[in-house]
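K.L.:
This is a predicted model, with the sequence first.
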Amino acid sequence: MLSVVIVAFYKFVELPDYRDRKRPLRDLCQQQQVQGSILLAAEGINGTIAGTRQGIDTILAFLRQDVALADLTHKESLADFMPFTRMKVRLKREIVNLGMPDITPHKQVGQYVPSDEWNALISDPDVLLIDTRNDFEVELGTFKGAINPKIISFNQFPDFVGQNLDPTRHKKIAMFCTGGIRCEKATAYMLEQGFEEVYHLKDGILKYLEDTLEEDSLWQGGCFVFDGRITVEHQLQPVPIELCPMCHLAIQPAHRTSPKYELGVSCPNCADDLTLERVERARDRQKHRAQQAIQRGLPSPQDMQPS
């Protein structure tokens, strides 16, 4: 039964008192037994949380009672298990780390493109389509014809732009990301760099996959999500897949028979590059997860492996 409600939300908005918001928000989440992660910064809020319907509705109502967040939107999906193990509310310089806290998406961003207009835009031969996500995410799935900047983290995106893009040559640029937050900030940065016609997928890949029939879709593969589901596809159905926690690459069935594969620790793609210290830390984390699962009556990490 799909009884766990998962919601993702963000908003770029000036929150000068963001530090004061941490404790009451964290306490309410704990009271409602809601788990996940929420980031607070002077530039806004960004979170993904999961819980019961009542718990999630309580948190969203609490956030929206503030005039600054009254129009906060969210994306919702359901699961049959809790995808998070704890609740974290963190204070940050940025709610998504471009490494440029002075960029102001709440003042200037590119043009939002809804899901039902996205196919037409990216089918235009004059449009340069860019995936703003990290390389390991792109490897799992992306839009047909999209450029992979091959970045390890989002704060490398400005370097990619500086080395590969030119406002005088690249007139129309469309960008996308998982839920919309990275590409929204990317458009704000590119407008500051002199690019004039910049578009981004409203509410991100997840909204597109939710709204678009598979036969009409230009999406190829799975979409990585930052929770226990790991990867979803059309209609946000989870895809059974295991990712290596070290290199974030997909574990293939043949990898599990390799002596370099260890559940939750390493895979043949990265085992030779790991120090003994990192391996031991990963083993400790895996042991801790297994103990937590037993205490909560949940499946162990071994039981949750894709077949």
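P.N.:
Noted; the coordinates are in hand.
K.L.:
show me the contacts for Gly145.
P.N.:
Ile122, Leu129 (Cβ atoms under 8 Å, 6 or more residues apart in numbering). For every residue, glycine as well, the C-beta is placed using N, CA and C.
K.L.:
what's the spacing between it and Leu129?
P.N.:
Counting by Cβ to Cβ, to the nearest Å, the gap from Gly145 to Leu129 is 6 Å.
K.L.:
joint contacts of these two?
P.N.:
What both Gly145 and Leu129 touch, as defined by Cβ under 8 Å, 6+ apart, is the set Ile122.
K.L.:
Just the CA trace of the longest helix that the chain contains, in CSV.
P.N.:
Selection of the longest helix in the chain by residue count, based on DSSP state H, yields helix 276-296. Backbone C-alpha positions of helix 276-296 (Å, rounded to 0.1, in the frame of the first residue of the first chain) are rendered in CSV as follows:
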residue,chain,number,x,y,z
LEU,A,276,41.5,1.5,3.3
GLU,A,277,40.3,4.4,5.5
ARG,A,278,37.3,5.1,3.1
VAL,A,279,36.5,1.4,2.8
GLU,A,280,36.4,1.0,6.6
ARG,A,281,34.2,4.1,7.0
ALA,A,282,31.8,2.7,4.4
ARG,A,283,31.7,-0.7,6.1
ASP,A,284,30.9,1.0,9.4
ARG,A,285,28.0,3.0,7.7
GLN,A,286,26.7,-0.1,6.1
LYS,A,287,26.7,-2.0,9.5
HIS,A,288,25.0,1.0,11.1
ARG,A,289,22.2,1.0,8.5
ALA,A,290,21.6,-2.7,9.0
GLN,A,291,21.3,-2.3,12.7
GLN,A,292,18.9,0.6,12.3
ALA,A,293,16.8,-1.5,9.9
ILE,A,294,16.6,-4.3,12.4
GLN,A,295,15.6,-1.9,15.2
ARG,A,296,12.8,-0.4,13.1
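K.L.:
Report the distance from that helix to the chain centre.
P.N.:
24 Å (Cα atoms, centre = their mean, to the nearest Å).
K.L.:
Let the chain start at 359 from now.
P.N.:
All set: I'll call the first residue 359, so the last point we hit is now helix 634-654.
K.L.:
What average pLDDT does that helix get?
P.N.:
Here helix 634-654 scores 82 as its mean pLDDT.
K.L.:
Which strands and helices lie in contact with that helix?
P.N.:
Counting contacts by 3 or more Cβ pairs under 8 Å, 6 or more residues apart in numbering; DSSP states H and E, helix 634-654 packs against no other helix or strand.
K.L.:
shouldn't Arg540 be in contact with Ser511?
P.N.:
No: in this structure, Arg540 is not within contact of Ser511 by Cβ atoms under 8 Å, at 10.6 Å.
K.L.:
Which one's more surrounded, those two?
P.N.:
Shown here are Arg540 and Ser511; by other Cβ atoms under 10 Å, Arg540 has more neighbours (24 against 11).
K.L.:
gap between the more buried one and Ala640?
P.N.:
27 Å.
K.L.:
next one: Asp493
P.N.:
The gap separating Asp493 from Ala640 is 21 Å, by Cβ to Cβ.
K.L.:
Gly537 now?
P.N.:
Relative to Ala640, Gly537 is positioned 28 Å away (Cβ to Cβ).
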